[in-house]
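Asker: mind looking at a prediction? Sequence and model below.
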Amino acid sequence: MDLSTTYMGLKLKNPIVPSASPLSQSIDTAKVLEDSGASAIVVYSLFEEQINHESGELDHYLSYHADSYAEALNYFPEPDEFKLTPYQYFDHIANLKKSLSIPIIGSLNGISTGGWVKYARNIEQAGADALELNVYYIPANPNIPGSEIETMYVDILNEVKGNVKIPVSIKLSPFFTSMSNFAKKLDNAGADALVLFNRFYQPDFDLEKLEVVPNLVLSTNWEMRLPLRWVAILYNNVKANLALTSGVHNHLDVIKAMMAGADVVMLASELLLQGPVRIKEILTGMDEWMVNNEYDSVNMMKGSMSQKAVAEPSAFERANYMKVLQSYKLLW
């Protein structure tokens, strides 16, 4: 079976791309990912907080939190707790490029423009084949309108795109009033790909210490429903490639993503749970399913279940909401 696909101009042997996670911190683990069938790797993110600790400069967007910023610093790791300093991160990308034959995608995680442009150039110079902008921003200030948040994303994308030559994707959260319209704005601004969706990790309460504590819960299959719907809606409505992330755990998940219109799937939770060799099992499952269902290639199935391709396009909108509620059977 032909599992090849194209993502941001990169020719990939299959659609499975490990997303930014601790798996890429080790060259040896990255090699196992490649040997198991990963077609590209998104490197563990360089965080804006690392950049700020390094340079001591804060962009004007952080002034949104000016009244509480000093206290907020307590929630950031100390500089020596970061896995890599910015320049160690660039060296790590260079070493990955020397050690692997698959594309390497750098990742910047933050909310401002200032340091991003400089460090995007550094990532490019280190040899990355592409760059993913992970704009991780919770608009908690009630005085900031949604339009300003959208403008911030577009400004970040424009600034980075204007200063690097490698393709640039942007990872989005699902929390926008008009996702289709916003996706189109980013598409018009030159995004080479949209990554749907960012998982905003939710804090928990420690009732003994009465503290807010971080709490990482790995994804489950049901979380794939949200990005699956939006990939299906955006397919052929934007020129940018589409990457589906969150909730991908097996070969059927990958096939669903392709049918919705995704060019690649990005996964981390399943690999953290099962190990890098899980990729080989997923690829084997895809191959067997395609043989049994008479699909010769990934491209043959791509977009076949998108909103524009199905008999009931409204199934992705409100009509399906009514059908789901009416179909539920009480279990007692």
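Answerer: Right, received. Where do you want to start? Numbering: from 1, shown residues only.

Asker: now do A20 against V42, distance only.
Answerer: Separation of A20 from V42 (Cβ to Cβ, to the nearest Å) stands at 5 Å. No exception for glycine: its C-beta is placed from N, CA and C like everyone else's.

Asker: hey, what's in contact with both of these two?
Answerer: Residues touching both A20 and V42 (Cβ atoms under 8 Å, 6 or more residues apart in numbering) are 107, 132.

Asker: more neighbours, the two?
Answerer: The residue with more neighbours, out of A20 and V42, is V42; 30 against 24, by other Cβ atoms under 10 Å.

Asker: tell me what the one helix or strand E270 maps to is packed against?
Answerer: E270 belongs to helix 269-274 when assigned by DSSP states H and E. Applying 3 or more Cβ pairs under 8 Å, 6 or more residues apart in numbering; DSSP states H and E, one finds that helix 269-274 contacts helix 278-292.

Asker: following the helix it packs on, which helix or strand comes up?
Answerer: Of the helices and strands lying after helix 278-292 in sequence (DSSP H and E), the nearest is helix 298-301.

Asker: contacts only, for the closest residue in space to M259 that isn't next to it in sequence.
Answerer: Computed as Cβ to Cβ, 6 or more residues apart in numbering, the closest residue to M259 that is not its neighbour in sequence is M305, at 3.8 Å. Contacts for M305 (Cβ under 8 Å, 6+ apart) come out as 232, 256, 259-260.

Asker: please indicate which of those are buried?
Answerer: 232, 256, 259-260 (16 or more other Cβ atoms under 10 Å).

Asker: pLDDT, distance to Y89 and secondary structure for the residues you listed - can I get that in TSV?
Answerer: Shown next, in TSV, are the buried ones among the contacts of M305 (pLDDT from 0 to 100; distance: Cβ to Cβ, whole Å; DSSP: H, G, I helix; E, B strand; the rest coil):
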residue	pLDDT	distance to Y89	secondary structure
A232	96	35	helix
K256	97	34	helix
M259	97	36	helix
A260	97	33	helix
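
Asker: run through the strands of the stretch 51-200 of the chain in chain order.
Answerer: Taking DSSP state E, counting those that start in this stretch as the test, the strands found in the stretch 51-200 of the chain are 104-110, 130-135, 168-172, 193-196.

Asker: can you list the neighbours in contact with stretch 170-179?
Answerer: Contacts for stretch 170-179 (Cβ under 8 Å, 6+ apart): 132-135, 146, 149-150, 153, 156-157, 182-183, 186, 191, 193-198, 200, 226-227, 230, 233-234, 245.

Asker: now do stretch 3-21: distance to the chain's middle.
Answerer: 13 Å (Cα atoms, centre = their mean, to the nearest Å).

Asker: and what about E208, helix, strand or coil?
Answerer: coil (DSSP: H, G, I helix; E, B strand; the rest coil).

Asker: give me the number of residues near the residue lying closest to F47 once chain neighbours are set aside?
Answerer: Nearest-residue entry for F47: N109, 4.9 Å, with adjacent residues in sequence omitted and distances by Cβ to Cβ, 6+ apart. Applying other Cβ under 10 Å, we find 21 other residues in the vicinity of N109.

Asker: for N109, name its beta-bridge partners.
Answerer: Bridge pairing for N109 (DSSP bridges) gives the partners F47, N134.

Asker: gap between it and E132?
Answerer: Distance of N109 to E132, computed by Cβ to Cβ: 9 Å.

Asker: what do you get for T284?
Answerer: 28 Å.

Asker: so if I had to pick from those two, which one is more boxed in?
Answerer: Between T284 and E132, counted using other Cβ under 10 Å, the more crowded position is E132 (27 against 12).

Asker: show me what contacts that one?
Answerer: E132 is in contact with 20, 42, 105-108, 168-171, 195, counting by Cβ under 8 Å, 6+ apart.

Asker: can you redo the contacts of M305 as TSV with distance to L207?
Answerer: Below are these laid out as TSV (distance: Cβ to Cβ, whole Å):
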residue	distance to L207
A232	41
K256	39
M259	44
A260	41
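
Asker: just these now: which is nearest E270?
Answerer: K256 (14.5 Å; Cβ to Cβ).

Asker: got a list of what the closest one touches?
Answerer: 224, 228, 305.

Asker: if we can go back for a sec, of the contacts of stretch 170-179, buried ones?
Answerer: 132-135, 149-150, 153, 156-157, 182-183, 186, 191, 193-198, 227, 230, 233-234, 245.

Asker: helices and strands of the chain: which one bottoms out on pLDDT?
Answerer: One helix or strand of the chain scores below all others by mean pLDDT, DSSP states H and E: helix 69-72, with a mean of 38.

Asker: now find how far off-centre stretch 265-284 is within its chain.
Answerer: Relative to the mean C-alpha coordinate of its chain, stretch 265-284 is positioned 16 Å out (Cα atoms, centre = their mean).

Asker: give me phi/psi at V264?
Answerer: phi -140, psi 160 (degrees, to the nearest 10).

Asker: and stretch 258-273, what's buried?
Answerer: Buried residues in stretch 258-273, counted by 16+ other Cβ under 10 Å: 258-272.

Asker: any idea which of the residues you listed is closest to L100?
Answerer: Nearest to L100 among the buried residues of stretch 258-273, counting by Cβ to Cβ, is L271 at 16.0 Å.
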